[in-house]
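Q: Output the structure for:
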Amino acid sequence: MAATPENPAATTPRRKPGRHRGEGQWAVGHFTPLNGNEQFKKDDDGLNVRTRIETIYSKRGFDSIDPNDLRGRMRWWGLYTQRRQGIDGGKTAILEPEELDDEYFMLRVRIDGGRLTTEQLRVIGEISQEFARGTADLTDRQNIQYHWIRIEDVPEIWNRLEAVGLSTTEACGDTPRVILGSPVAGIAADEIIDGTPAIDEIQRRFIGNPAFSNLPRKFKSAVSGSPQLDVAHEINDIAFVGVEHPEHGPGFDLWVGGGLSTNPKLGVRLGAWVPLDEVPDVYEGVISIFRDYGYRRLRTRARLKFLVADWGPEKFRQVLQDEYLKRELLDGPAPEQPKDVWRDHLGVHRQNDGRFYVGFASRVGRVDGATLSKIAELAETHGSGRLRTTAEQKLIVLDVAEDRVDSLVSGLEALGLKVNASPFRRGTMACTGIEFCKLAIVETKARGASLIDELERRIPEFDEPITININGCPNSCARIQVADIGLKGQLVLDSEGNQVEGFQVHLGGALGLEAGFGRKVRGLKVTSAELPDYVERVLTRFQAERTEGERFAAWTARASEEALS
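A: You can find the predicted model right below:
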C-alpha cells in the first residue's frame with residue numbers, strides 16, 4: 001500500500017511492543033546495567049581496587065592498570081588520572097581518554113568536617129614535598145588535593161596518611177564523599193549546635209561500607225550548626241542546618257537535592273526537624289533512597305537532585321518516613337538569615353572559651369607542602385594544635401590565646417597568607433583548571449591569582465563583599481552559578497578573530513537564604529586577557545550606580561545589559 005497524507009504509516013515499520021527499560025532504578029526492579037559505569041561497578045566493588053593497587057599496580061607500574069580500574073574504580077580511593085601536559089583546551093572534548101591521561105594522578109585527601117591536627121597537616125606537607133612535587137591545593141569541599149602522584153608511591157602515601165588518622169577512602173567515585181562541617185564547630189560563640197558527633201558517626205557507619213559504595217553518582221553531604229550557614233548547604237545532596245525548635249530546642253533543618261554542574265538546582269527543605277542523635281539515621285535513609293531510587297540509566301541525570309525535582313519534597317519526605325525510617329519526622333522551622341554576608345570565618349574571632357580563632361586566605365586555594373608544614377609549626381606554637389579547612393578554600397587556626405594573636409598573624413602574613421584580606425583575595429575561588437584536569441578547557445588557578453593582584457592594584461578602595469568564581473569547564477566545581485561574578489571557561493574569539501581562552505560570564509548569583517543563580521547577559525563573553533579590564537569596569541559601575549546598602553547581586557538584577565557588558 002502506498003503512503004498517503006491520510007495513511008502516513010503505510011511505509012513506517014511498526015514498533016514491537018516491549019517493556020520500557022526505565023531509569024535503572026533498583027527499587028523498581030531495574031538491575032541490568034545500562035551504561036559502562038554501571039557495568040564496571042556491578043563487575044567489582046570500587047573498594048576492592050585497593051588490593052590491586054597495593055599488590056599489582058604499584059609494583060608493575062602505570063601500564064599494568066586495567067582501564068576500568070584506571071578511569072573508574074580507582075576514584076573510590078581518591079585517585080583521578082591527571083591531564084597530560086601540553087594538551088590545549090580545544091582538544092578536551094576531542095581526544096580519547098587514553099590520549100588525555102598522563103601517567104600521574106591527582107590524589108584527594110578527605111578531611112571530614114575540615115578538622116586537622118598540626119601533626120596531620122605536617123604529614124600532608126611532607127607527602128606533598130616528597131611525592132607530589134610540592135602541590136597541595138585547598139578545595140571548596142574542605143579537602144586537600146595532590147598532583148603528580150605516581151602509582152608506585154600510593155601505598156606508602158596511604159600508610160603515612162592513615163598513621164595519623166587521615167584517609168582517601170571514597171574521596172571520589174559514586175560514593176558518599178567528604179562530609180562538610182562548620183569549620184568552627186564546637187568553638188564558635190554564636191553556634192546553635194555542634195554537629196561534630198553526627199559527622200563522626202556518619203563517617204564510622206557509612207564511609208567504606210559496601211552497602212553504600214555503589215551509588216548512581218556522587219553524594220555530597222553537609223552538617224553545620226553555625227548561624228552563618230557556612231557549608232553551602234543549598235548545593236549539597238543532603239544538608240543538616242542548625243536551627244532552634246520552639247519546643248524541642250537546638251537541632252537541624254533537613255535539606256535535600258542540591259547540586260550545580262550543567263543543570264544546577266538548589267536544595268529544598270523537607271520541613272523536618274532532626275535532633276542531633278537522629279542525624280545519622282536520617283542520613284542513612286536519604287542515601288538509601290538515592291541508592292535504590294536514583295536514576296542510573298544516564299550519567300547526566302544520575303544525581304539526587306533530579307529525583308527530588310521529579311518527586312517534589314512532599315513525596316520525598318513521605319518515602320523517607322514510610323519506607324526507610326518507619327516513623328514520622330517532626331516539623332520544624334527554617335534557618336534564619338545570617339547576620340554576616342561573609343561565611344568564610346576569615347579574620348580574628350573570639351571563641352566560646354575566651355580564646356581566639358584566626359582564619360586566613362591563600363590565593364584561590366593554591367598552597368604547597370612547604371607552606372603547609374610552616375603553617376603547622378605556627379599553629380603548634382600559637383594554638384593547641386588544631387586547625388580547620390573551610391568550604392571556601394581557606395584555613396583556620398583554633399585556640400589562640402589573646403596575647404599570641406598578633407604574633408600568629410605576623411607569621412602568617414610572612415608566608416603570604418592574609419588574615420585581613422582584600423575582598424578580592426577573600427572572595428575569589430578557582431577550580432583546578434587545565435593545568436591538571438582532563439575536563440578543563442582553560443587555565444584557572446594562575447588566572448585567578450593574577451586577577452586578584454590586578455584588582456587590588458587597580459581598585460584598592462573597593463571594600464564591598466564580592467565573590468568571583470572561576471571554572472575551567474561547565475561542570476561548576478568552583479560554583480560559578482552562585483557567585484557574584486561566575487566565570488565559565490570556554491574558547492572564545494578575540495578582537496582579531498583568533499580562538500583563545502576565555503569565559504562566559506554569570507552575574508548576581510548567591511548562596512544563603514536569598515540563594516539564586518546568576519544571570520547570563522546575552523553574548524557576554526570575555527577573553528582571559530580582557531578579564532581584569534572587564535571585572536574592573538563592572539565593579540566600578542556598581543560603585544557608581546548602587547543605592548545605599550545595595551549588594552552586587554541586587555544591583556545586577558536591575559542593571560541594564562549595557563552596564564553589565
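
Q: Just the local confidence number for residue 520, please.
A: Residue 520 carries a pLDDT value of 88.

Q: What are the boundaries of the helices in the stretch 401-550 of the chain?
A: All helices of the stretch 401-550 of the chain, identified by DSSP state H, counting those that start in this stretch, fall at 405-414, 423-427, 445-458, 531-545.

Q: repeat for the stretch 51-200 of the chain
A: Using DSSP H, counting those that start in this stretch, helices in the stretch 51-200 of the chain cover 58-60, 67-70, 97-100, 118-131, 154-163, 196-206.

Q: end to end, how far does stretch 463-474 reach?
A: Distance across stretch 463-474, first residue to last, is 30 Å (Cα to Cα, to the nearest Å).

Q: Centre of the chain to it, how far?
A: Centre-to-centre, stretch 463-474 and its host chain are 14 Å apart (Cα atoms, centre = their mean, to the nearest Å).

Q: what about it, average pLDDT?
A: Stretch 463-474 carries an average pLDDT of 96.

Q: buried sites along that stretch?
A: Using 16 or more other Cβ atoms under 10 Å as the test for burial, stretch 463-474 gives 464, 466-474. For every residue, glycine as well, the C-beta is placed using N, CA and C.

Q: now do stretch 198-216
A: 198-203, 206-208, 212-216.

Q: quick check, nearest of those residues to residue 250?
A: Closest approach to residue 250 among the buried residues of stretch 198-216 (Cβ to Cβ): residue 198, at 12.4 Å.

Q: From residue 278, how far out is the closest one?
A: Noted for residue 198: a distance of 9 Å to residue 278, by Cβ to Cβ, to the nearest Å.

Q: Pull the number of nearby residues for the spatially closest residue to residue 508 that is not a sequence neighbour.
A: Using Cβ to Cβ, 6 or more residues apart in numbering and skipping residues adjacent in sequence, the residue nearest residue 508 is residue 556, 3.5 Å away. A count of nearby residues for residue 556, using other Cβ atoms under 10 Å, gives 21.

Q: which residues does residue 556 contact?
A: Residue 556 sits next to 484, 507-508, 518-519, 542, 564 when contact means Cβ atoms under 8 Å, 6 or more residues apart in numbering.

Q: Likewise for residue 484?
A: 427, 466-468, 507-510, 518, 552-553, 556 are the contacts of residue 484 under Cβ under 8 Å, 6+ apart.

Q: Of all the helices of the stretch 401-550 of the chain, which one is nearest residue 149?
A: helix 445-458 (17.8 Å).

Q: Report the buried residues of that closest one.
A: Neighbour-count burial for helix 445-458, counted by 16+ other Cβ under 10 Å, picks out 445, 447-449, 451-452, 454-455.

Q: Would you mind giving those residues as CSV with distance to residue 140 and pLDDT added?
A: Output for those, formatted as CSV (distance: Cβ to Cβ, whole Å; pLDDT from 0 to 100):
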residue, distance to residue 140, pLDDT
445, 13, 98
447, 17, 97
448, 12, 98
449, 16, 98
451, 17, 98
452, 16, 98
454, 22, 98
455, 20, 98
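
Q: and which of these is nearest residue 245?
A: Nearest member of those to residue 245, counting by Cβ to Cβ, is residue 448, at 41.2 Å.

Q: and that closest one, what does it touch?
A: Residue 448 touches 363-364, 428-430, 468, 470, counting by Cβ under 8 Å, 6+ apart.

Q: Just give me the closest of the contacts of residue 484 to residue 532.
A: Nearest to residue 532 among those, with distances taken as Cβ to Cβ, is residue 468, at 11.0 Å.

Q: The closest one is in contact with residue 428, isn't it?
A: Yes: in this structure, residue 468 is within contact of residue 428 by Cβ atoms under 8 Å, at 4.5 Å.
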